[in-house]
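# Task: produce atomic coordinates for the following.
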Amino acid sequence: MTLNWNEITAGQELPAHECGPVSRWVLAMFAGGSGDHMPVHVDIDFARKFGMKDVFAHGMLSMAYLGQLLLKFARQEHIRNYAVRFTSITPVNARVSCTGKVLEKFEADGERRIRVAIQTKIDDGTVTLEGEAVIAVP
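Just a heads-up that it's a prediction; the model follows:
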């Protein structure tokens with residue numbers, strides 16, 4: 001996608017990105033690819049020892065989904081900052097919706113930039129991640 005400074009407005013929604021369901025297979029593949037083999041994400045018996053009903057997704061998996069949202073909107077080399085906070089877990093078999101909205105346009109370090117609010121929600125509407133990204137607009 002090519003961003004056009006004159007066409008971007010505060011309040012503009014980014015194209016939504018839908019992911020999932022987050023299956024056990026996805027969790028196993030993410031564990032292998034990321035090197036994060038925490039048992040709470042892949043071993044139901046381990047998860048139950050800590051009071052969980054089942055395994056749940058890695059927070060970084062949802063962060064990767066948000067990264068995909070950003071990359072549908074802008075080129076990787078234009079992302080200047082990307083930060084989130086984890087607000088809830090993503091249970092196994094959940095579907096994840098990634099959304100974003102332009103908060104402001106500004107200039108910094110000789111570049112035109114936008115600040116974007118981003119978040120993930122699961123099927124029941126629970127927000128699991130929220131944060132912001134700053135993107136340069138050439």
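
# drop to CA atoms for contacts and neighbour counts, all remaining ones
Will do.

# What segments of this structure are strands?
Using DSSP state E, the strands of the chain run over residues 17-19, 79-86, 96-108, 111-122, 127-136.

# other SSEs contacting the longest one?
Just to be clear, that refers to strand 96-108. On a contact count with 3 or more C-alpha pairs under 8 Å, 6 or more residues apart in numbering; DSSP states H and E, strand 96-108 meets strand 17-19, helix 59-73, strand 111-122.

# what comes up buried for the second one?
By neighbour count, and taking 16 or more other C-alpha atoms under 10 Å as the criterion, the buried residues in helix 59-73 are 59, 61, 62, 63, 65, 66, 67, 68, 69, 70, 73.

# follow-up on the earlier one: take the strands of the chain and write them to a markdown table, including distance to residue 53.
Rendered in a markdown table, the data for the strands of the chain read as follows (distance: least, C-alpha to C-alpha, whole Å):
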| stretch | distance to residue 53 |
| --- | --- |
| strand 17-19 | 22 |
| strand 79-86 | 20 |
| strand 96-108 | 19 |
| strand 111-122 | 17 |
| strand 127-136 | 18 |
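
# can you put the ones you listed in JSON lines and add mean neighbour count?
As requested, these are exported to JSON lines (neighbours: other C-alpha atoms under 10 Å):
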{"stretch": "strand 17-19", "mean neighbour count": "17"}
{"stretch": "strand 79-86", "mean neighbour count": "15"}
{"stretch": "strand 96-108", "mean neighbour count": "19"}
{"stretch": "strand 111-122", "mean neighbour count": "21"}
{"stretch": "strand 127-136", "mean neighbour count": "21"}
